[in-house]
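**Q** model the following, please.
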Amino acid sequence: MLENPRSPRVRAVAKLTKRSARAETGLYLLEGPQAVREALTYSPEAIVELFATPTGWEKHPDIRAKASDAGIDVEYVTEYVLNAMADTVTPQGLVAVVRQAPASVRDIFAASPRLVAICEEIRDPGNLGTIIRAADAAGADAVVLTGRTVDPYNPKVVRATTGSLFHLPVSVGAELSDVVEKAHAAGLRILAADVKGEDLLHARADGVLAEPTAWLFGNEARGLEDEALAQADQVLKLPIFGRAESLNLATAASVCLYESAFAQRAASSA
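**A** As a prediction, this is how the structure comes out:
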């Protein structure tokens, strides 16, 4: 059992909360039973190390079974050690070190996707994680991160995805112009979500949302720059029916993705 929270091994795990350490090692941190469960279910080969307190390990027989099936050994640690490793105050008894596995933009669009989320310079980890989760829930085929978008392996992003990071391809570090070019070549329409656009309800009525689509979402504070908007086929905004000044980015992205998901499924069943 690891008992010293100041040991070099514990410190190496704790460093993965920093982007520089993640970039250097190609690893990242998973915290809590839900994240570990999803990794064991969908990407067990990516797990490098698995740590648990004896109590935390005992609480989750399904996780123990999945780890055993994948041939992954658990290393027991004390509560103090686990807390030293984790980014959260309450890691719930389980932490894993996982190998990063970003998808390539080329592979994403070569697979003939019908619904993709493109995130351009999204800076808030909670927003990005929620968008990845919403894209997964809406049945999107991939999420593509461009510009200076926050690192998807940031612990706050990983937590906000609640495991969706393991359910669909996520591409990192692409140039927007290259993504748009490949999306067009794959037959997708680029729809930008921005307050400068026309009412989304018009696009719904015109049947635009039923087409293969890549939604483009921008920065929380500034939205999309004019150069990015110019690369879209159409710019749309969500109508505000109440007195709210605006919608949170992740909320708006969730609505847009679901609008496309509803329209595409309705068209395919017609």
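
**Q** mind listing what the closest residue in space to residue 254 that isn't next to it in sequence touches?
**A** Using CB to CB, 6 or more residues apart in numbering and skipping the chain neighbours, the partner closest in space to residue 254 is residue 134 (3.9 Å). The way it works is simple: take the backbone N, C-alpha and C, and place the C-beta from them, glycine included. Counting by CB atoms under 8 Å, 6 or more residues apart in numbering, residue 134 makes contact with 250, 253-254, 257-258.

**Q** element containing residue 134, please.
**A** Counting by DSSP states H and E, the element that carries residue 134 is helix 125-137.

**Q** flag every buried residue along that helix.
**A** For helix 125-137, burial by neighbour count (16 or more other CB atoms under 10 Å) applies to 125-136.

**Q** repeat for stretch 5-21
**A** 5, 10, 13-17, 21.

**Q** which one of the residues you listed is nearest to residue 111?
**A** residue 16 (29.9 Å; CB to CB).

**Q** enumerate every residue touching that closest one.
**A** 22, 25, 27-29, 97, 155.

**Q** just the buried members of these?
**A** 22, 27-29, 97, 155.

**Q** taking those residues one by one, which sit in helices?
**A** 22, 155 (DSSP state H).

**Q** out of the buried ones among the contacts of residue 16, who's nearest residue 167?
**A** Nearest member of these to residue 167, counting by CB to CB, is residue 28, at 16.3 Å.

**Q** rewinding a little: could I get the buried ones among the contacts of residue 16 as a markdown table with distance to residue 263 and pLDDT?
**A** Shown next, in a markdown table, are the buried ones among the contacts of residue 16 (distance: CB to CB, whole Å; pLDDT from 0 to 100):
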| residue | distance to residue 263 | pLDDT |
| --- | --- | --- |
| 22 | 37 | 97 |
| 27 | 39 | 98 |
| 28 | 35 | 98 |
| 29 | 38 | 96 |
| 97 | 41 | 98 |
| 155 | 35 | 95 |
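
**Q** between the buried ones among the contacts of residue 16, which is nearest residue 174?
**A** Nearest member of these to residue 174, counting by CB to CB, is residue 22, at 18.2 Å.

**Q** can I assume that closest one is in contact with residue 28?
**A** Yes: counting by CB atoms under 8 Å, residue 22 does reach residue 28; the two are 5.3 Å apart.
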